[in-house]
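Enquirer: Model the following, please.
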Amino acid sequence: MAVYEDREAFIPYRLNDLVDFCVNDGQLSPEDCQTFRDFAQILASYYHFRFKDYATQILNNYAVFNPDRDTHLLREPTASDLETMDEQVVSQFRRVLKGANYMELSDEMLQQALEESSLVDLQTHVNFEDFDRFVCFYRGDIFETVELKKWIFWTETKKLDILQRVVMLIRYKGKKHFQAQEIDLEDLKFIPGKMYVYLYKNVPKPDLELLFPNVQTSMTLKDRLLFGIPAIGAAVPAILRILPQLLLVLSVILFLTVGSPDIDALQADEEDVDNLLPVLLAVLSLMVALGGLAFKQYTKYQSKRIKFQKKVTDTLFFRNIATNSSVFSSLIQDAQDEECKEVLLVYYHLLIHPKPLTPDQLDDEIEQWMEARFGTKIDFDIHTPLQSLETLRGGPQNTPLLTYDEQGCCQVLPLSDAQQVIDWVWDRIFDYANV
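Expert: Coordinates of the predicted model:
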């Protein structure tokens with residue numbers, strides 16, 4: 001069995017499309033085509049019901065952490081209850097994500113992504129000390145070539161590492177943690193103690209930190225220089241223009257505090273001092289000049305901040321697929337589809353192959369078939385569907401869909417018998433009469 005480090009187990013085709021292709025592949029007899037469709041339909045219904053139980057368990061435990069909840073709790077959970085429910089949500093969520101062929105983002109990959117320069121031209125910082133729980137998974141690590149606008153007439157071609165799907169689960173620490181830092185709870189963009197779950201698409205690795213609700217943004221050194229240098233350039237002429245008035249104001253201050261001898265050195269006489277109008281005009285001119293300069297720079301800074309926030313908002317809005325409880329529903333649907341597709345492909349290839357296959361041979365056979373038929377390279381997960389087919393058993397003899405011969409080769413029931421077994425299993429899902 002070949003092992004690929006640059007491939008993923010995800011099967012990027014819909015279940016119905018795979019069924020259609022298997023039927024039209026020319027390997028099934030005409031009378032078996034409809035039977036295969038019926039088998040696939042009831043198999044999909046079985047997995048839908050089985051994964052519905054996952055959804056019920058996860059959502060029941062997640063309810064107390066859900067920041068969007070609009071229902072009331074019959075009783076407030078204790079601290080011990082919260083920890084137990086937290087563990088169950090995360091452990092079940094991990095199982096679903098792995099079933100949907102997601103991979104966990106390692107600490108090394110995350111740190112590398114945070115150290116890269118973001119595509120949004122700003123400095124960002126995420127305080128991981130705010131989290132009680134953090135889990136991040138991804139699926140689909142690809143590279144795309146894009147053109148980035150640098151200046152008005154200059155664009156840069158760059159090869160970006162894109163994560164096609166990103167899932168984040170964050171549980172924030174309680175109120176006391178933020179109050180200890182003298183943070184106003186009303187200023188937070190999240191509710192302390194709650195658990196937030198996000199599903200995003202097509203996220204460049206350098207922009208991962210923009211997905212965090214507690215991300216803090218600031219101007220880059222380049223932006224500070226672009227603000228500071230023009231400010232200095234504008235301030236120097238303004239100061240030179242009002243320098244005579246500044247000398248006059250200074251002479252008045254010296255006259256009132258020290259006396260007249262030092263005023264002569266500043267070329268001011270008592271008549272000038274007695275005339276308050278030039279003094280008032282000088283003060284007003286100074287205030288208007290410096291105040292106008294400060295207001296102009298502040299306006300530019302606020303305009304830049306608004307542009308920053310718009311970029312961040314666009315990044316989050318147009319890449320968001322689901323949030324909080326809806327993420328669980330979406331991923332559970334993905335997990336049941338992935339497992340059903342894997343089981344169907346294993347059964348189909350064992351059914352049509354002219355000779356028995358070992359698990360390793362079967363794994364290579366399916367990968368080669370996907371590449372030859374679709375041009376898609378995957379690292380097929382053979383162990384999970386084999387175990388599932390062994391578990392699916394029924395009928396008077398409790399017959400499994402898959403067995404192994406003495407040489408360790410896989411064997412599956414003929415199509416008509418397999419259809420009867422899965423139908424028997426389905427009929428007894430709610431078999432209360434025989435309990």
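
Enquirer: for this protein, which strand is longest?
Expert: The longest strand of the chain (DSSP state E) is strand 131-151.

Enquirer: Quick check: buried residues in it?
Expert: Residues of strand 131-151 classed as buried: Phe131, Asp132, Val135, Cys136, Phe137, Tyr138, Arg139, Gly140 (neighbour count, 16 or more other C-beta atoms under 10 Å). Glycine gets a C-beta too; all of them are placed from N, C-alpha and C.

Enquirer: quick one, the helix or strand sitting right after that strand along the chain and strand 131-151 angle?
Expert: Following strand 131-151 in sequence order, the next helix or strand is strand 154-172 (DSSP states H and E). Between strand 154-172 and strand 131-151, the angle comes out at 170 degrees (axes from the mean of the first three to the mean of the last three C-alpha atoms, to 10 degrees).

Enquirer: what does the longest strand of the chain contact?
Expert: 8, 10, 86, 90, 93-94, 97, 100-105, 110, 119, 128, 155-173, 195 (C-beta atoms under 8 Å, 6 or more residues apart in numbering).

Enquirer: Work out the gap between it and the centre of the chain.
Expert: In this view, strand 131-151 has its centroid 8 Å away from the chain centroid, taken as C-alpha atoms, centre = their mean, to the nearest Å.

Enquirer: Okay, now the sheet partners of that strand, with direction.
Expert: If you go by DSSP bridges, strand 131-151 pairs up with strand 103-104 (antiparallel), strand 154-172 (antiparallel).

Enquirer: Buried ones only from the contacts of strand 131-151, please, as a PyMOL command.
Expert: Only the buried entries of those go into this PyMOL selection, using 16+ other C-beta under 10 Å:
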select buried, resi 8+10+86+90+93+97+100+101+102+103+105+110+119+160+161+162+163+164+165+166+167+168+169+170+171+172+195
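
Enquirer: could you pull out the strands for the stretch 251-400 of the chain?
Expert: Taking DSSP state E, counting those that start in this stretch as the test, the strands found in the stretch 251-400 of the chain are 320-323, 393-394, 399-400.

Enquirer: who does the last one pair up with?
Expert: In the sheet containing strand 399-400, the strands it pairs with under DSSP bridges are strand 393-394 (antiparallel).

Enquirer: Quick check: mean pLDDT of the strand it pairs with?
Expert: Mean pLDDT, computed over strand 393-394, is 90.

Enquirer: Same question for stretch 188-205.
Expert: 92.

Enquirer: what does stretch 332-343 give?
Expert: pLDDT averaged over stretch 332-343 gives 95.

Enquirer: how about the CA coordinates for it, as PDB?
Expert: Below are the C-alpha coordinates for stretch 332-343, written out as PDB (Å, rounded to 0.1, in the frame of the first residue of the first chain):
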ATOM      1  CA  ILE A 332     -21.700  15.900  10.400                       C
ATOM      2  CA  GLN A 333     -23.300  15.900   6.900                       C
ATOM      3  CA  ASP A 334     -19.800  15.900   5.400                       C
ATOM      4  CA  ALA A 335     -18.600  13.000   7.700                       C
ATOM      5  CA  GLN A 336     -21.600  10.800   6.800                       C
ATOM      6  CA  ASP A 337     -21.100  11.400   3.100                       C
ATOM      7  CA  GLU A 338     -17.400  10.700   3.300                       C
ATOM      8  CA  GLU A 339     -17.900   7.400   5.200                       C
ATOM      9  CA  CYS A 340     -20.700   6.300   2.800                       C
ATOM     10  CA  LYS A 341     -18.500   7.100  -0.200                       C
ATOM     11  CA  GLU A 342     -15.600   5.200   1.200                       C
ATOM     12  CA  VAL A 343     -17.800   2.100   2.000                       C
END
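
Enquirer: Identify each buried residue in it, please.
Expert: Ile332, Asp334, Ala335, Gln336, Asp337, Glu338, Glu339, Cys340, Lys341, Glu342, Val343.

Enquirer: show me the contacts for Val19.
Expert: Phe36, Arg37, Ala40, Leu344.

Enquirer: tell me how far stretch 168-188 is from the chain's mean position?
Expert: Using C-alpha atoms, centre = their mean, the offset of stretch 168-188 from its chain centre is 21 Å.

Enquirer: typo on my end, it should be stretch 350-367
Expert: The answer for stretch 350-367 is 37 Å, by C-alpha atoms, centre = their mean.

Enquirer: okay, how far is it across it, tip to tip?
Expert: 14 Å (C-alpha to C-alpha, to the nearest Å).

Enquirer: which parts of that stretch are buried?
Expert: Leu350, Leu351, Leu357, Pro359, Gln361, Leu362, Asp363, Asp364, Glu365, Ile366, Glu367.

Enquirer: hmm, back to that, just the buried ones from the contacts of Val19?
Expert: For the contacts of Val19, buried by 16+ other C-beta under 10 Å: Phe36, Ala40, Leu344.

Enquirer: Could you tell me the angle between the host helix or strand of Val203 and strand 131-151?
Expert: Using DSSP H and E, the element containing Val203 is strand 195-204. With the same axes, to 10 degrees defining the directions, strand 195-204 sits at 30 degrees from strand 131-151.

Enquirer: What residues sit buried inside strand 195-204?
Expert: In strand 195-204, counting by 16+ other C-beta under 10 Å, buried: Met195, Tyr196, Val197, Tyr198, Leu199, Tyr200, Val203, Pro204.

Enquirer: if you skip the residues just before and after it, what's nearest to the second one?
Expert: With C-beta to C-beta, 6 or more residues apart in numbering as the criterion, Tyr196 has its nearest non-adjacent residue at 4.9 Å, and that residue is Ile170.

Enquirer: List the contacts of the one you found.
Expert: Ile170 touches Phe131, Arg133, Phe134, Met195, Tyr196, Val197, Phe212, Pro213, counting by C-beta under 8 Å, 6+ apart.

Enquirer: Which one of those residues is nearest to Asn16?
Expert: Minimum distance to Asn16 across the contacts of Ile170 is 28.0 Å, recorded for Val197 (C-beta to C-beta).

Enquirer: Specify the beta-bridge partners of the closest one.
Expert: Leu169.
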